[in-house]
Structures are given as structure tokens and as C-alpha cells.
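here's my sequence, what's the structure:
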Amino acid sequence: MSVTMKLAREDIDTLEKRGKYTVSVVGCGRVGLLTACLFAEVGFKVIGVDSNQRVVNLLKKGKSPFTEPRLHAFIEKHIKNRRFTATTNARKAASASDVIIINVPTPVDKKKKPDYSHIEKTCREVGMSLRSGSLIIFQSTMGPGVTETLAKETLENASGLKAGIDFDLAYCPICATSEQILEDITTRTRVVGAINQQSLNVACLILDTITKEEIVKVKDIKTAEAAKLFEKAYQDVNVALANEFAYFCEKAGIDFVEARNAINPRPHHCLQVPGIADVHALEDSYLLVEEAEAMNVKLRMLTLARKINDETLNHTLHLVRDALRSCQKTLRRAKISIFGVSSRPNMKEPRDSSTKKLVSTLKKRGASVQVYDPFFSHKQLLKMGYSAKATLTKTVEGADCIIIAVGHDRFRRLNLRRIKIFVKKPAAIVDMGYVIDPAKAEKEGFVYRGLGRGIWTK
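Have a look, this model is predicted:
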């Protein structure tokens, strides 16, 4: 039996005292793994749980599955000092844990419906070995009400225990941007909701050990779930607005980048960057739409924003066709090189990448496609199902069009003068990542198209 439910601040106010407690983090994606490392850093014994055997094998060797130096340093350090271990066995981890943090994904299926099967399976596995007196904190994104229905009921049925009586239950979402996940976890305000006051108090005590910023307590779990989704929906609507402006700028002969830079320094203005790279990261909006529809509520603006953002991929296709037409070429039988397979700039994160769908769409229209991403090896790209060459030079050899799908900073340093030697002239560049200067591209002889950059001349 765990004593977590009776935890007081003085019980965990030093590294030595925290070492008496074990925290399991189920789901070692980037956010989950950083969460695990932060708990190890402040003294807790930590078990990282993931269903992917490859991820667990890397962690056991002190290696990170993600290209982030700080994360690698954390893992290596705490594997050596034995504060951190990894396993695929969620039941075994639960049986040894005082605190269990669940951070598994909630994907959206082809019908735009949330798939909670990962949550349900995890709750069943954890529940089978859940200790009385433990604390469970969900960080997974879920629709309002899902934690206290599907998740709680699955835990209770599997364990025979009752939430709020035999174990504590809380929800604390993480809203992290791709470039600064570690900073967001530790320095952004955290919202916490719980099944009762006792669960709320204990969850806040535990989370306060890794959080430098304020913890905002809300009255229930449903409010915390909604807070996370409202923030994501706000981003979704703003991206949709930016995409609409970008389409207008292309027709009006305006450079969206210049217009955006002109207004963003002003107070209360922050126009988002349009694009396709992180659209799937905003699909959390569908979780909110699903719950609203179940209550016969229509979220009209959010539904429209989702439609606009989903259509950005088709707009990319339009730009490619238009660029090739200016080269007096057609999309069918065109050789296309795509730069970037990550879902986010400057990160090795293939999950939820729109590049996979872009490649599939282009191939269906008769194009031949090769991909390149400096964050992935040639072998890794092939294993992910892409057609790829070993080097950038080989990737662009004979290409009719280059698509910048993800705005990695490394692509800003592309040597267009050298690249034009290998492409099949005249060739096009379609920049969806805002890394290529239109004037420089045209000066080197390329036909340029860019999302919202309506200043091309060819």
C-alpha cells in the first residue's frame, strides 16, 4: 500500500526524502520522457514505461530516442545513478509506484474522431496492479469528461479500487511548444483539476517539485481538460486565420511575411505562421468538437478553422502545379524532392508529420517523390516507408521541383547556386516553411512559390 494519499509538504521537501517515493511515467514520448527526467532530477525514483521496445532499449543504455542534447544528458545521468529505469511492463511499474503519470497519445482517426484506445488499454494495464493509496495524474489530452468516465471507470474495474477513496486521481495537461518543451514544462503555469480536494492537494504537492511557475487549481477535472483544449483551439483558429491571409496575399501580390513582421511587434498582436508542418499537432480541436456534438452544441468557428487548416495540404498541391506549369512541366511524371519529414521545425519528430500525406497525394497524381531530412539518416527514412537517397545532392538530382515542407533552420543555409547544378532546369521551389528568400531563388533561375508570398515574378 502506498502512503501518497497522506502526503504532506515536509515529506518531500528534500532530495533524500523524495528518494523514498517512486514515480512511473507511462508514455515516453518527448513530453513524457522530459517529465520523467525532471522527477529524477529532483530526487524521485522514476520508471519510464513505453510500449515501444526500441525506445525502452535505448533508455536502458542511457540514450535518448530524440535528438535533444539536454534530454540525452538527463537520461545518461540518471541511468548511471539508478534513479531512472525503463520498461515495457506497465503492470510491473504500477505495482512499484506511489505516483503514476499517464502521458499516452489520443490520435484522431480518418473520420476525425478521437481514438481513446491507447488511454483505455493503459488504464486497464495500470489498474491490474494499482496499489491502494497511489496517485494517478493524467497528462494525456482528452475531451472534457473523458478522464472521469472512460479513464476512471477502466481503472476502477481493473483494480477493484475506487477513485477518491482508495486512490487519488488528478488531471494536469501540458501545453508545450515544439522548440522549448523543457522550458514549458518547468516554467509555464500548470492547470490542475482533481476528483476531490485531497487528490488536488497531493497532485499539486508532487507537481510543485518540478514546476517553477504558478500552479492554478480548478474546481474539477473537466475544467482542466477544457482549459487545455481551449488553448489548442485558440491556436487552431489563429493558424486558420493566418492561412486565409496567406491565400489572399498570394492573389494580391503581397508578401505575408513582411505584413506579419510589421504588425507583430505591436502590443496585443501576434499573427501566427501559416503552413502544413504542424497542422496535425492542432488536431486536438477535434476532441473538443466531438464532445460538443455529443451535447448538441455546434462549435462553428472551430469547425471551420479545422476545415481551412486541413485544406492547406491541397493548397500546397496547387502551388506545386502552378510552379511546374511555369516551368512548362506537368505534375504527372514530375520528379519532386521534399525537404523535411518532421512534424515540427528543428526537431526529430516524425509522429503526426504531414509529409507522409503529402508524399502519398503527389504519388497518386503520378509524381515521383524523394525525401530528405537532416535529422534522419537514410536508413531511418527508408524504414519509415519513404523513398530517399543517401545525400541531399542525390535527392535533388534531376528534380523538377523542390518542396520545403518543414522549415528547419538548416534549410535556410541551402546553397541554391550549387543545387541548381543538379536539378532538371527549369526547376521550381515551393517553400511552405519560410526559409527561402524569393528574390534569391529567382535570381538563381528557379521558379518560386511560397505560402502567402505573393511576390514571385515568374
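
after the top helix by length along the chain comes which helix or strand?
Secondary structure assigned by DSSP state H gives helix 221-252 as the longest helix of the chain. Using DSSP states H and E, the helix or strand that follows helix 221-252 in sequence is helix 256-263.

before we move on, the earlier item: what helices and strands are in contact with the longest helix of the chain?
strand 168-171, strand 190-194, helix 256-263, helix 285-294, helix 300-310, helix 312-326 (3 or more C-beta pairs under 8 Å, 6 or more residues apart in numbering; DSSP states H and E). C-beta: built from backbone N, CA, C; applies to glycine.

distance-wise, check C401 relative to L331.
9 Å (C-beta to C-beta, to the nearest Å).

what's the answer for K77, then?
Taking C-beta to C-beta, one finds K77 at 51 Å from L331.

out of the two, which sits in the more crowded spot?
L331 (18 against 15; other C-beta atoms under 10 Å).

now render the helices and strands packed on helix 221-252 as JSON lines, adding distance to T35 and mean neighbour count.
Listed next are the helices and strands packed on helix 221-252 as JSON lines, based on distance: least, C-beta to C-beta, whole Å; neighbours: other C-beta atoms under 10 Å:
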{"stretch": "strand 168-171", "distance to T35": "14", "mean neighbour count": "28"}
{"stretch": "strand 190-194", "distance to T35": "11", "mean neighbour count": "25"}
{"stretch": "helix 256-263", "distance to T35": "33", "mean neighbour count": "15"}
{"stretch": "helix 285-294", "distance to T35": "21", "mean neighbour count": "19"}
{"stretch": "helix 300-310", "distance to T35": "28", "mean neighbour count": "17"}
{"stretch": "helix 312-326", "distance to T35": "31", "mean neighbour count": "19"}
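
right, so of those, which gets closest to S377?
helix 312-326 (25.8 Å; C-beta to C-beta).

average pLDDT for that closest one?
On average, the pLDDT along helix 312-326 is 95.

ok, residues contacting it?
Helix 312-326 is contacted by residues 243, 247, 274-276, 279, 330-331, 334, 336, 354, 357-358, 361-362, 365, 400-401, 403, 405, 426, 428-430, 432, 447-451, 458 when judged by C-beta atoms under 8 Å, 6 or more residues apart in numbering.

which among those count as buried?
If you count burial by 16 or more other C-beta atoms under 10 Å, the buried members of the contacts of helix 312-326 come out as 243, 247, 274-276, 279, 331, 334, 336, 354, 358, 361-362, 400-401, 403, 405, 426, 428-430, 432, 447-451.

bridging residues for I47?
S24, T85 (DSSP bridges).

can you give me the strands in this protein?
22-26, 45-49, 84-87, 99-102, 135-138, 168-171, 190-194, 215-217, 335-339, 368-372, 401-404, 428-431, 447-450 (DSSP state E).

wait, which of these is closest to M384?
strand 368-372 (9.0 Å).

can I have that closest one written out in CSV, keeping just the CAs?
Extracted in CSV, the C-alpha atoms of strand 368-372 (Å, rounded to 0.1, in the frame of the first residue of the first chain):
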residue,chain,number,x,y,z
SER,A,368,8.0,10.5,-58.4
VAL,A,369,9.0,11.6,-54.9
GLN,A,370,12.2,11.5,-52.9
VAL,A,371,12.5,12.9,-49.4
TYR,A,372,15.4,14.4,-47.3
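
by contact count, what packs against it?
Against strand 368-372 (3+ C-beta pairs under 8 Å, 6+ apart) you get strand 335-339, helix 355-364, helix 392-396.

circling back: tabulate the strands of the chain (JSON lines), appending mean pLDDT and distance to A439.
Formatted as JSON lines, the strands of the chain follow (pLDDT from 0 to 100; distance: least, C-beta to C-beta, whole Å):
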{"stretch": "strand 22-26", "mean pLDDT": "97", "distance to A439": "48"}
{"stretch": "strand 45-49", "mean pLDDT": "96", "distance to A439": "48"}
{"stretch": "strand 84-87", "mean pLDDT": "94", "distance to A439": "50"}
{"stretch": "strand 99-102", "mean pLDDT": "98", "distance to A439": "50"}
{"stretch": "strand 135-138", "mean pLDDT": "98", "distance to A439": "50"}
{"stretch": "strand 168-171", "mean pLDDT": "97", "distance to A439": "50"}
{"stretch": "strand 190-194", "mean pLDDT": "95", "distance to A439": "45"}
{"stretch": "strand 215-217", "mean pLDDT": "94", "distance to A439": "47"}
{"stretch": "strand 335-339", "mean pLDDT": "97", "distance to A439": "20"}
{"stretch": "strand 368-372", "mean pLDDT": "97", "distance to A439": "24"}
{"stretch": "strand 401-404", "mean pLDDT": "97", "distance to A439": "16"}
{"stretch": "strand 428-431", "mean pLDDT": "97", "distance to A439": "12"}
{"stretch": "strand 447-450", "mean pLDDT": "96", "distance to A439": "9"}
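
specify the stretch among those strands that is closest to V237.
strand 190-194 (19.9 Å).

what packs against that closest one?
Looks like strand 190-194 contacts strand 168-171, helix 197-208, strand 215-217, helix 221-252 (3+ C-beta pairs under 8 Å, 6+ apart).

good, we can wrap up now.
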